[in-house]
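> 3D, please:
(one chain, ligands or ions: 2)
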Amino acid sequence: MPLLGCIADDFTGATDLANTLVKGGMTAVQVIGVPSGPLPEADAVIVALKSRTAPVREAVAESLAACEGLLAAGARQIFFKYCSTFDSTEAGNIGPVADALVRRLDCGFALANPAFPTNGRTVYQGHLFVGQALLNESRMENHPLTPMRDANLVRVLGRQTDGAVGLVPFATVEQGAAAIRRAMTVLKESGRRYAIVDAVTDAHLLAIGEAAAEHALITGGSGVAMGLPANFRARGLLPERGEAAAALPPMTGHAAVLAGSCSRATLGQIGYARDHAPVLELDVLARPEAAALVAEALDWAAGKLGAQPVVIAASAPPEKVAALQAKLGRDAAGALVEEALSAIAAGLVERGVRRLVVAGGETSGAVVSRLDVASLRIGPEIDPGVPWTHAEIASPSGGLHLALKSGNFGARDFFLKAFDA
Ligand SMILES: Nc1ncnc2c1ncn2[C@@H]1O[C@H](COP(=O)(O)OP(=O)(O)OP(=O)(O)O)[C@@H](O)[C@H]1O
Ligand SMILES: O=C(O)[C@@H](O)C(=O)CO
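Ligands and ions are numbered 1, 2, ... in the order given. The predicted structure follows:
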């Protein structure tokens with residue numbers, strides 16, 4: 001029976017949240033899509049949806065279905081995970097999904113906190129910062145699907161919900177869990193449905209987690225989950241598992257990296273890998289045809305596969321991405337690359353790859369679906385927000401280690417370091 005039931009609006013975000021919980025000593029399994037059968041055994045079950053940019057109605061329906069599955073399995077608290085940069089459109093989907101969950105759980109109130117200080121996301125006076133920049137000056141204002149043009153989260157969430165949104169400011173958060181709890185109670189009693197809660201440090205996140213021990217619903221990034229394992233432990237529900245929470249089967253097989261993220265971080269990681277490993281950069285613009293790209297990649301990889309990783313990337317700088325989008329249309333360009341990379345993943349697994357890093361949320365979704373992965377058990381962290389995971393798949397050796405990297409996460413040497421872990 002899971003203690004914590006989580007609903008994540010994308011695949012890499014789900015893994016990020018699971019990683020935080022495992023570091024806190026909970027076992028965690030990420031389930032791909034709304035569960036249809038019994039849930040796997042774990043202290044935390046994270047249902048990974050692709051609902052961030054789905055039509056609002058679909059995102060709400062899938063999130064509610066996931067919530068039903070988690071409640072039926074016995075989850076004591078529900079966590080709705082969204083991006084640490086609050087990725088959403090004016091229509092949602094954060095507000096509408098949270099509204100539906102508040103109604104379903106009949107709790108009337110939930111906190112909202114996307115902070116992830118280790119990765120530079122902090123919330124101060126209700127404003128979200130990425131590093132030293134306000135969200136709307138951090139390049140997130142140019143995101144192709146969810147441009148974030150307002151850093152004031154009270155306003156942003158306020159536009160997505162018919163409920164009222166309040167703020168628990170820095171000065172209160174600094175005073176600790178009891179003060180935060182009192183402030184949230186006052187906001188709820190004065191008719192607010194949500195409280196954006198400031199957080200600049202991990203200590204703030206731990207205090208917020210403690211303050212929300214009795215909440216039926218928590219919404220936020222992975223950071224605010226830091227304080228939750230201690231709540232279950234304090235109630236005698238969670239044994240001391242230590243590092244055993246992150247135990248995975250031993251790693252075997254060939255190593256590979258597939259990159260479909262075009263973020264600055266991923267482009268930097270590919271640049272670093274060029275000097276340390278075989279790297280194939282697919283020229284999608286010159287050859288916009290999935291079958292040709294797959295054949296090129298698998299021919300290139302033949303004879304190179306082994307203990308050291310090969311890196312295959314479709315990632316390109318903004319002007320090249322714009323050129324392909326102009327030629328094919330934005331959705332078709334993304335779909336073409338995702339089709340090619342997921343077929344390359346299947347080909348690599350057929351050729352003995354059993355340790356695979358995938359860069360990019362959409363790309364990870366495509367690869368995981370193509371490989372027919374139903375669930376991922378979460379293992380040790382490689383870099384903040386990115387753990388190794390293990391998936392059962394129908395291959396001769398029965399399993400595959402996967403690391404799903406959010407576009408913006410990971411140090412420059414991530415693609416090499418992952419295989420030293
Ligand atoms: N050369 C390219 N030209 C156009 N589109 C590309 C190219 N390479 C990759 N893509 C597409 O860009 C999209 C990248 O999205 P993805 O979610 O994988 O990465 P991200 O947005 O950086 O990661 P995250 O969602 O984790 O922050 C995918 O749809 C991918 O297929
Ligand atoms: O919170 C984050 O930044 C990530 O887990 C994520 O959701 C990236 O898509």
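> Please make it C-alpha for all contacts and neighbour counts, starting now.
Will do.
> Now do the buried residues in stretch 286-305.
Within stretch 286-305, the residues scored as buried using 16 or more other C-alpha atoms under 10 Å are P288, A290, L293, V294, A297, L298, W300, A301, L305.
> between those residues, which is nearest ligand 2?
A290 (24.8 Å; C-alpha to the nearest ligand atom).
> Leaving out the residues flanking it, which one is nearest to the closest one?
In space, and not counting its chain neighbours, A290 is closest to A340: 4.7 Å by C-alpha to C-alpha, 6 or more residues apart in numbering.
> Show the subsequent helix or strand relative to the helix or strand hosting the one you found.
For A340, the host element (DSSP states H and E) is helix 330-350. Using DSSP H and E, the helix or strand that follows helix 330-350 in sequence is strand 353-359.
> same for that next one, what does it pack against?
Packed against strand 353-359, as judged by 3 or more C-alpha pairs under 8 Å, 6 or more residues apart in numbering; DSSP states H and E, are the following elements: strand 254-259, strand 399-405.
> what pLDDT, on average, does the helix or strand harbouring C67 get?
Assessed by DSSP H and E, C67 sits inside helix 56-72. If you average the pLDDT over helix 56-72, you get 98.
> Quick check: what element follows it along the chain?
strand 77-81.
> So what touches the helix or strand following that following strand?
Using DSSP H and E, the helix or strand that follows strand 77-81 in sequence is helix 94-105. The contact list for helix 94-105, computed with C-alpha atoms under 8 Å, 6 or more residues apart in numbering, reads 52, 56, 59-60, 63-64, 67, 80, 82, 88, 108-110, 157-158, 160-161, 163, 216-217, 219.
> Could you rerun that using 6 Å?
Under the criterion C-alpha atoms under 6 Å, 6 or more residues apart in numbering, residues V60, G108, Q160, T161 lie in contact with helix 94-105.
> ok, so of those residues, who is nearest ligand 1?
Nearest to ligand 1 out of the contacts of helix 94-105 is V60 (C-alpha to the nearest ligand atom; 19.6 Å).
> picking up where we left off before, list just the one of the helices and strands packed on strand 353-359 that sits closest to M226.
Of all those, it is strand 399-405 that lies closest to M226, at 19.5 Å by C-alpha to C-alpha.
> from the middle of its chain, how far away would the closest one be?
Here the centre of strand 399-405 is set off from its chain's centre by 14 Å, with C-alpha atoms, centre = their mean, to the nearest Å.
> same deal with stretch 85-99?
Relative to its chain's centre, stretch 85-99 lies at 15 Å (C-alpha atoms, centre = their mean).
> Great, nothing more from me.
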